[in-house]
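Engineer: Sequence below, structure please.
(chains A and B)
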Amino acid sequence: MRYVDEFRDADTARALSAKIAGLCEPGREYKFMEVCGGHTHTIYKHGLEDYLPENITLVHGPGCPVCVIPMGRIDDSIHIARQPDVLMTSFGDMMRVPGSGGNFFDSNAEGTNIRMVYSPLDSLKIARQNPDKHVVFMAIGFETTAPSTAMTVLRAAKEGIENFSIFCNHITIIPAIKAILDSPDLRLDGFIGPGHVSTVIGCRPYEFIAGEYGKPIVVAGFEPLDILQSIYMLMLQLRDGRSEVENQYSRVVPWEGNLTALRVIAETMELRPYFEWRGLGFISHSALRVRPEYERFDAELKFDVPGVRVADPKACQCGEVLKGVLKPWECKVFGTACTPETPIGTCMVSPEGACAAYYNFGRFTRTRVREASLATVDELAGSARRVPS
Amino acid sequence: MTGISAPSDREQQVLDRIERVRKRRAKVKEERITLSHGSGGKATHTLIEAVFLEAFRNPLLEPLEDAATFTVDGGRMALTTDSYVVSPIFFPGGNIGDLAVNGTVNDLAVSGARPLYLTAGFILEEGFPVADLLRIVESMRDAATAADVSIVTGDTKVVQRGKADGCYINTAGVGVIEYPGRLGVATVRPGDVVLVSGPIGDHGITVMLARGELDIEADLESDTAPVHELVATLLAATPGVRAMRDATRGGVATILNEVAQAADVAVVVDEDAVPVGKEVRGASELLGIDPLYVACEGRIVAIVDGAEAETALAAMRGHPLGASAAIIGRVKADPPGLVLLNTVFGGTRICDLLVGDPLPRIC
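Structural biologist: Here you go, the predicted structure:
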């Protein structure tokens, strides 16, 4: 498949892998954080860590927007969905993120109507088709999805649609990265920058990471070779003693970002003074809310949202796991209060999160898995395994 | 996050605790049934083991195969049942009717049985068009003829508008097992190979697109088909077949997890070798879902003695439904209970059961 296969070529990967290994200083440990959940997914899906030498570790960052939504906001959503004649819409991967009394699927089992949509504009379509219902879109995501929510609000305003509002949970990436950088026990050598977010905000907002904090950052695409090349670029920066913002994903990300998208966000939304992140606590100016000019589309004003804060148990140490200070099994609640069935922190919510992955597969060392699979490749190589073309 | 060196004592204690929890009897934690309980993944397995198996436990049910097999007057028979609630009812390549016949025929066939008789139960919603019912029933008749089975008894119920979604069908089937060998996932052992009879995911993606929620169009049809002849061809060609499964709900990955767990073996799949049509691949890439977890309705997964791999492959390819059959993996002893995938990219990942349906991702 064009634009996909060429970014998954194993020969190129092997060549890059050798170059990366050649840049490793003996005895030095390297830790890079991939900020974006999409990158974590690519790393997991393609088994990318097999190409990295033992002394390079990838730390999975806070960039999975559904995983960092605190339980209280999910409870608030369910509260809105329970109001008479409300039909709520949400992105698919939000459906399984737990609040304090269950997730959206559980809530539907108790009578709410929370439907999956693929775009906020679909919510508007549902609102037009159901004039007797009030449709609330559970808006989530970083600057990546915020423009489509903003466009939906603008279109609702233009068409004069009355039975539609959004429950705004959009968050912004920079304050989260800053919160991690400000940690006194930070042990990261550099960042794989979030590609999708950067298509909107561009590369300039990351300059403080390289400038003030002296950490290299490479904005990366989402195919496995993109990530491998970004790691190579980070290693080159470290070798040369540079800390710069570099753009590996220039085929999609313009340095200045998407000004139209930024304009529609600014027109419809404004920064909240603070917002709570699951596992990271309150972070100032880290989320967006609907601007007063569009308050008729703000579900938080339309409905009596309890806004109860469901405290993360004090013992949750997601922050430390995210910063690479603790291994999952070293967290106080790992495997007892916090499990994949009853997750507390963001690292356990996503199946690809560091804690969930360790809970499910920690008993198998990477080496053991790799050895089992490699033997098979050799055995299969001799047999006619290909599909006739 | 897994270490290269042996785990420390404290880490080992944590791992041991997780292992103890894992071995506890399955329990449904939710207070109510959710859609995840019907998706074929972890939630479905827990529901079946904790509720149905717990209540009905008996030696015929316990293997949890596609059909129960037993002996009557010295002859071996297979019995199975399945319900069909597909939405939309009509989709490219078929409808709920031929699906209901083929599905039950296939569950019998992969158990090594020659399908004989089917039952058909209909739950119809008030207001459902009779013309649609006629279309469904006609395609059931045609599918039954093609599979050489008769629909010999049935039932009809009508429920109030809104209490069902148009038309639901339940079919049960009985067949006779003439094959002398023992089949079953528990007989799988290291050294066996895994074959799939054709491109995977066509049915699941076709139905997903036919719902019209995605604004994606593809030249794609459901793969619904009766596999009894393909199975007969395979069984006649080699005595090395250990087990077969119909790769429906949960897809190939779910079946292989069931194999790995039932036989306490590792199944290692080569992603490069798994046949996937380009439309299915394209739609899956767009939606962020993995074809390995998408349903097929006319594809079998067969686990065969490694020494018989080429014979089995040739036999499958000799049948029109198996023309694109492929050997996709191999059974190993270690690590037991796991399905591993060698990715096209050259890495390895663990291919776990999904909790529920594959959900499109935003991140």
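Engineer: check contacts around residue B:233.
Structural biologist: Residues near residue B:233 by C-beta atoms under 8 Å, 6 or more residues apart in numbering or on different chains: B:315-316, B:318-319, B:322. C-betas here are computed from N, CA, C, even on glycine.
Engineer: switch the cut-off to 6 Å
Structural biologist: Contact partners of residue B:233, counting by C-beta atoms under 6 Å, 6 or more residues apart in numbering or on different chains, are B:315, B:319.
Engineer: how much space between it and chain A?
Structural biologist: With distances taken as C-beta to the nearest C-beta, to the nearest Å, residue B:233 is found 18 Å from chain A.
Engineer: Wait, a strand at residue B:120?
Structural biologist: Yes - counting by DSSP: H, G, I helix; E, B strand; the rest coil, one finds residue B:120 located in a strand.
Engineer: what about it, neighbour count?
Structural biologist: The local packing of residue B:120 (other C-beta atoms under 10 Å in any protein chain shown) involves 21 other residues.
Engineer: May I have the beta-bridge partners of it?
Structural biologist: Note on residue B:120: beta-bridge partners residue B:154, residue B:171, judged by DSSP bridges.
Engineer: On the pLDDT front, check it for me.
Structural biologist: Predicted confidence (pLDDT) for residue B:120: 98.
Engineer: OK, contacts around it?
Structural biologist: B:151, B:154, B:171.
Engineer: of these, closest to residue A:141?
Structural biologist: Residue A:141 has its nearest neighbour among those in residue B:171, at 43.2 Å by C-beta to C-beta.
Engineer: thought the closest one was touching residue B:100?
Structural biologist: Yes - Residue B:171 is within contact range of residue B:100, at 4.7 Å (criterion: C-beta atoms under 6 Å).
Engineer: Return the helix or strand in chain A with minimum mean pLDDT.
Structural biologist: Least confident helix or strand, chain A: helix A:366-381 with a mean of 65, by mean pLDDT, DSSP states H and E.
Engineer: ok, the contacts of residue B:120 vs residue A:157, which is closest?
Structural biologist: Nearest to residue A:157 among these: residue B:171, at 51.6 Å, using C-beta to C-beta.
Engineer: ok, that closest one to chain A distance?
Structural biologist: To chain A, residue B:171 is 27 Å away according to C-beta to the nearest C-beta.
Engineer: got it, and residue B:329?
Structural biologist: For residue B:329, the distance to chain A equals 7 Å [C-beta to the nearest C-beta].
Engineer: which residues are in contact with the host helix or strand of that residue?
Structural biologist: In this structure, residue B:329 sits in strand B:326-332 according to DSSP states H and E. With contact meaning C-beta under 6 Å, 6+ apart, strand B:326-332 is reached by A:372, A:376, A:385, A:387, B:188, B:190, B:192-196, B:265-270, B:273-275, B:309, B:313.
Engineer: can you check stretch A:189-205 too?
Structural biologist: Stretch A:189-205 is contacted from outside by A:30-36, A:39, A:63, A:142-144, A:173-174, A:206, A:215-217, A:219-222, A:230, A:234, A:245, A:247, A:249, A:252-253, A:255-258, A:261, using C-beta under 6 Å, 6+ apart.
Engineer: Kindly report the same for stretch A:339-352.
Structural biologist: In contact with stretch A:339-352 (C-beta under 6 Å, 6+ apart) are residues A:40-41, A:44, A:64, A:67-68, A:97, A:278-279, A:313, A:316, A:318, A:321, A:338, A:353-356, A:359.
Engineer: what about 7 Å?
Structural biologist: Contacts to stretch A:339-352, defined as C-beta atoms under 7 Å, 6 or more residues apart in numbering or on different chains, come from residues A:37, A:40-41, A:44, A:62, A:64, A:67-68, A:97-98, A:278-279, A:312-313, A:316, A:318, A:321-322, A:328, A:333, A:337-338, A:353-356, A:359-360, B:29.
Engineer: from the chain's centre, how far out does it sit?
Structural biologist: Centroid separation for stretch A:339-352 versus its chain: 14 Å, with C-alpha atoms, centre = their mean, to the nearest Å.
Engineer: now stretch A:192-207
Structural biologist: Distance of stretch A:192-207 from its chain centroid, counting by C-alpha atoms, centre = their mean, is 13 Å.
Engineer: Just the buried residues of that stretch, please?
Structural biologist: Residues of stretch A:192-207 classed as buried by neighbour count (16 or more other C-beta atoms under 10 Å in any protein chain shown): A:192-203, A:205-206.
Engineer: Rounded mean pLDDT for it, please.
Structural biologist: Average pLDDT, stretch A:192-207: 96.
Engineer: Can you give me the end-to-end span of it?
Structural biologist: Length of stretch A:192-207, first residue to last, C-alpha to C-alpha, to the nearest Å: 14 Å.
Engineer: Equivalent analysis for stretch A:88-107, please.
Structural biologist: Stretch A:88-107 end-to-end distance (C-alpha to C-alpha) = 11 Å.
Engineer: neighbouring contacts of that stretch?
Structural biologist: Stretch A:88-107 is contacted from outside by A:66-67, A:69, A:71, A:74-75, A:77-78, A:80-81, A:112-117, A:123, A:126, A:135-138, A:140, A:310, A:343, A:349, B:30, B:32, B:34-36, B:355-356, B:359-362, using C-beta under 7 Å, 6+ apart.
Engineer: Could you tell me which of these count as buried?
Structural biologist: Here, 16+ other C-beta under 10 Å leaves A:66-67, A:69, A:71, A:74-75, A:77-78, A:80-81, A:112-117, A:123, A:126, A:135-138, A:140, A:310, A:343, A:349, B:30, B:34, B:36, B:355-356, B:359-362 buried among these.
Engineer: Which residues of the stretch 201-350 of chain A lie near chain B?
Structural biologist: Neighbours of chain B within the stretch 201-350 of chain A, by C-beta under 7 Å from any C-beta of the partner chain: A:224, A:327-329, A:334-335, A:341.
Engineer: go with 10 Å
Structural biologist: By the rule C-beta under 10 Å from any C-beta of the partner chain, the part of the stretch 201-350 of chain A lying against chain B is A:223-225, A:228, A:321, A:327-331, A:334-336, A:339-342, A:347, A:350.
Engineer: ok, back up a step: overlap of the contact sets of residue B:171 and residue B:100?
Structural biologist: Counting by C-beta atoms under 10 Å, 6 or more residues apart in numbering or on different chains, the common neighbours of residue B:171 and residue B:100 are B:82-84, B:118, B:120-121, B:140, B:151.
Engineer: Up against chain A, what does the stretch 101-250 of chain B have?
Structural biologist: Listed as neighbours of chain A in the stretch 101-250 of chain B under the rule C-beta under 10 Å from any C-beta: B:191, B:193, B:195-196, B:198-199, B:213-216.
Engineer: and of the residues you listed, the nearest to residue B:126?
Structural biologist: Closest approach between those and residue B:126, by C-beta to C-beta: residue B:213, at 25.7 Å.
Engineer: Return the residues in contact with that closest one.
Structural biologist: By C-beta under 10 Å, 6+ apart, the contact set of residue B:213 is A:115-118, A:122, A:125.
Engineer: Lowest-confidence entry in the residues you listed?
Structural biologist: pLDDT is lowest at residue A:118 among those; the value there is 87.
Engineer: show me the residues around it that make contact.
Structural biologist: A:89, A:91-92, B:213-216, B:287, B:360, B:362.
Engineer: Just read off the phi/psi values of the closest residue to chain A within chain B.
Structural biologist: Scanning chain B for proximity to chain A using C-beta to the nearest C-beta identifies residue B:347 as nearest, at 2.2 Å. When quoted as degrees, to the nearest 10, the phi and psi of residue B:347 stand at phi -100, psi -180.
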